[in-house]
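# sharing a model that was predicted from the sequence below.
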Amino acid sequence: MTALASDKTRIVPGSWIDGAPVVTGGSLHRVVNPADGSVVAELALAQPADVDTAVAAARAALTGWSRAAPVERATVLAKLAELADAHAEQIIAEEVSQTGKPVRLAGEFDVPGSIDNIAFFAGAARHLEGKATAEYSGGHTSSIRREAVGVVATITPWNYPLQMAVWKVLPALAAGCSVVIKPAELTPLTTLTLARLATEAGLPDGVLNVLTGAGADVGSALAGHRDVDVVTFTGSTAVGRRVMAAAAVHGHRTQLELGGKAPFVVFDDADLDAAINGAVAGSLINTGQDCTAATRAIVARELYDDFVAGVGEVMGKVVVGDPQDPDTDLGPLISAAHRDKVAAMVARAPGEGGRIVTGGAAPDRPGSFYLPTLIADVAETSEVYRDEIFGPVLTVRAHDGDDDALRQANDTEYGLAASAWTRDVYRAQRASREISSGCVWINDHIPIISEMPHGGVGASGFGKDMSDYSFEEYLTIKHVMSDITGVAEKEWHRTIFKRR
């Protein structure tokens, strides 16, 4: 697919450093709409030298922002939420044009969810929890200080550009950190808008900096920069491991939200209609480009045939088309190259025993589209069952009872999200207890809320986004212990020396 410039192409600064837009000296890059190949913006990519400039700006701004009263930080972030809400239509348009996601998804999920997250952290900035100040030793008063960890380097993916930026940036800002963020070069527009609105809201210059650059040079330079204090990353497991290795050179703290291969476990007493609808919605959200998407349906043998038939029928009615059309259900994949990767994995599935029930092809239309695809009867060792596809593809296997279902659910290196479908409260509790995953939904799959954490285990990473729990990634805990006796010779001194 050739990128075509049009009258709508915008020339934009690709970076935001020290409170202002910056045109760096890197090569010109086109942001392409994957729905039709049109160029929606052109910008100069950042270079590794720009990382030094951005980190220096963040370091210089850190003291003032970290020492600001929580109410001051909260006021700025609350204003940012107001501005984001006021500019919601512009943000939706940018998100749709750079990702190809349906306007209904961006307008009803991505953007309002992000605004809610900003508002949540504006309030949370004033409510940091800590152990009570008290005399634990008898002769001293102990207190806990929770202080900003420092300069945060964060690298975000292309599938949810605005949401992932908000998930990483907002808790860091609320905690008093300064930030340098590198969005994916495919989708930088809403992150740049977020930085501009933050400055308009009163965020001091240098507290939030954006570098649009390639991961291989700018991302690596940022993750391995000696003058950052914590590195956070959302993306593939393979790249996450490289980010962690780069950060480890200087001993930086890391937080990683990586890939997933979510099990969708349907027990024999499940509401079949609910499970069918949930499987279609959970597997096709964001065209399947979601690390929590339902990808491995593990269905009771008694319900298997009806489940497969029902999912196939609903998938066949999904509207694939123009993301700008409110009636469109499924937009394109992020690029032609990614569509071809998805198509190649699906094409290999029959050779491993999989049966393509519906989809399995690209529609006859321009853009990087791929039809909703259901693959039944997959082998437990097959590629499509074990590896992350990151497309609108759901695989299905049967299980023979609860023990087998839970064994299959955990037969993966990933552990980001899962769901269990049952009317039995005891089965639901067992599933939530025994499935190894950062999130387990019961009789639903996908919903998230600002008040609750998101993050995985195993190859899906560690640490949390969203909720008060995410503050742990951006705060250090300091114990302050003060003598309250005024005695020069402490009783414990005798364990070290005796006065003669």
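That came in fine, so what should we check first? Numbers count the residues shown, from 1 in each chain.

# quick one: least confident helix or strand in the chain?
Within the chain, no helix or strand scores below strand 10-11, which has a mean of 70 by mean pLDDT, DSSP states H and E.

# for the helix or strand following that strand, what does the pLDDT average out to?
Toward the C-terminus, strand 10-11 is succeeded by strand 15-17 as the next helix or strand (DSSP states H and E). Taken as a whole, strand 15-17 has an average pLDDT of 98.

# quick check: can you name the pairing partners of the next helix or strand after strand 15-17 and their directions?
Where DSSP H and E defines the elements, the next helix or strand beyond strand 15-17 is strand 20-22. Strands that pair with strand 20-22, judged by DSSP bridges, come out as strand 15-17 (antiparallel).

# what's in contact with the partner strand?
21-24, 46, 50, 53-54, 57, 192, 195-196, 199, 206, 208-212 (C-beta atoms under 8 Å, 6 or more residues apart in numbering). Where you see a C-beta, it was placed from the backbone N, CA and C, and this is true even at glycine.

# which stretches of the stretch 351-500 of the chain form helices?
383-386, 402-409, 425-434 (DSSP state H, counting those that start in this stretch).

# next one: the first one to chain centre, how far?
Which is helix 383-386. Its chain's C-alpha centre and that of helix 383-386 lie 22 Å apart, by C-alpha atoms, centre = their mean, to the nearest Å.

# pLDDT on that helix, on average?
Per-residue scores along helix 383-386 average to 97.

# on that earlier part again, go through the contacts of strand 15-17 and flag which are in helices.
50, 53-54, 57, 192, 195-196, 199 (DSSP state H).

# put together CSV for those, with pLDDT on each row.
Listed next are those as CSV, based on pLDDT from 0 to 100:
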residue, pLDDT
50, 97
53, 98
54, 98
57, 98
192, 98
195, 98
196, 98
199, 98
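
# considering those residues, which is situated nearest to residue 220?
Taking C-beta to C-beta as the measure, residue 50 is the one of these closest to residue 220, at 13.3 Å.

# contacts only, for that closest one.
Counting by C-beta under 8 Å, 6+ apart, residue 50 touches 15, 17, 22, 24, 26, 211, 213, 218.

# and what of residue 478?
Counted by C-beta under 8 Å, 6+ apart, residue 478 has contacts 144-147.

# mind listing what the closest residue to residue 148 other than its chain neighbours touches?
For residue 148, ignoring the flanking residues on the chain, the nearest one in space by C-beta to C-beta, 6 or more residues apart in numbering is residue 176 at 3.4 Å. By C-beta under 8 Å, 6+ apart, the contact list for residue 176 reads 65-68, 73, 147-148.

# coming back round to it: of the contacts of residue 478, which belong to strands?
Judged by DSSP state E, strands contain the following of the contacts of residue 478: 144-147.

# buried subset of the residues you listed?
residue 146 (16 or more other C-beta atoms under 10 Å).

# what's the closest of the ones in strands among the contacts of residue 478 to residue 475?
Out of these, the member with the shortest distance to residue 475 (by C-beta to C-beta) is residue 146, at 4.7 Å.

# I'd guessed the closest one sits against residue 479; true?
No: checked against C-beta atoms under 8 Å, the pair residue 146 and residue 479 is beyond contact range at 11.0 Å.

# next, show the common contact partners of those two.
Residues touching both residue 146 and residue 479 (C-beta under 8 Å, 6+ apart): none.

# ok, and the closest non-adjacent residue to residue 441?
Per C-beta to C-beta, 6+ apart, closest to residue 441 is residue 419, 4.1 Å.

# any stretches of the stretch 1-150 of the chain with poor pLDDT?
Scanning the stretch 1-150 of the chain for pLDDT under 70 picks out 1-10.

# which residues in it form strands?
10-11, 15-17, 20-22, 28-32, 39-44, 140-148 (DSSP state E, counting those that start in this stretch).

# identify whichever of those lies nearest to residue 413.
Comparing these by C-beta to C-beta, strand 28-32 comes nearest, at 32.6 Å.

# what about the residue nearest to residue 441, neighbour count?
28 (other C-beta atoms under 10 Å).

# what's the answer for residue 361, then?
Using other C-beta under 10 Å, the number of residues around residue 361 comes to 13.

# how about residue 457?
Neighbour tally, residue 457, other C-beta under 10 Å: 13.

# just the strands of the stretch 1-150 of the chain: most buried one?
Neighbour counts (mean count of other C-beta atoms under 10 Å) averaged over each of the strands of the stretch 1-150 of the chain peak at strand 15-17, with a mean of 26.

# can you give me the offset of that one from its chain's centre?
Counting by C-alpha atoms, centre = their mean, strand 15-17 comes out at 22 Å from the chain centroid.

# and what of stretch 432-445?
Centre-to-centre, stretch 432-445 and its host chain are 18 Å apart (C-alpha atoms, centre = their mean).

# and the pLDDT at residue 492?
So residue 492 comes in at 89 (pLDDT).

# if I pick it, what's in contact with it?
Going by C-beta under 8 Å, 6+ apart, the list of residues near residue 492 is empty.

# now do the strands in the stretch 251-400 of the chain.
Under DSSP E, counting those that start in this stretch, the stretch 251-400 of the chain gives strands at 253-257, 262-266, 294-300, 355-358, 373-376, 393-399.

# residue 469: which of those is closest?
Comparing these by C-beta to C-beta, strand 253-257 comes nearest, at 11.1 Å.

# pull up the pairing partners for the closest one, direction included.
Strand pairing for strand 253-257, determined by DSSP bridges: strand 230-234 (parallel), strand 461-462 (antiparallel).

# let me see the mean pLDDT of it.
For strand 253-257, the mean confidence score works out to 96.

# now what about that strand, what contacts it?
149, 229-234, 240, 243-244, 247-248, 291, 416, 454-456, 460-465, 473.
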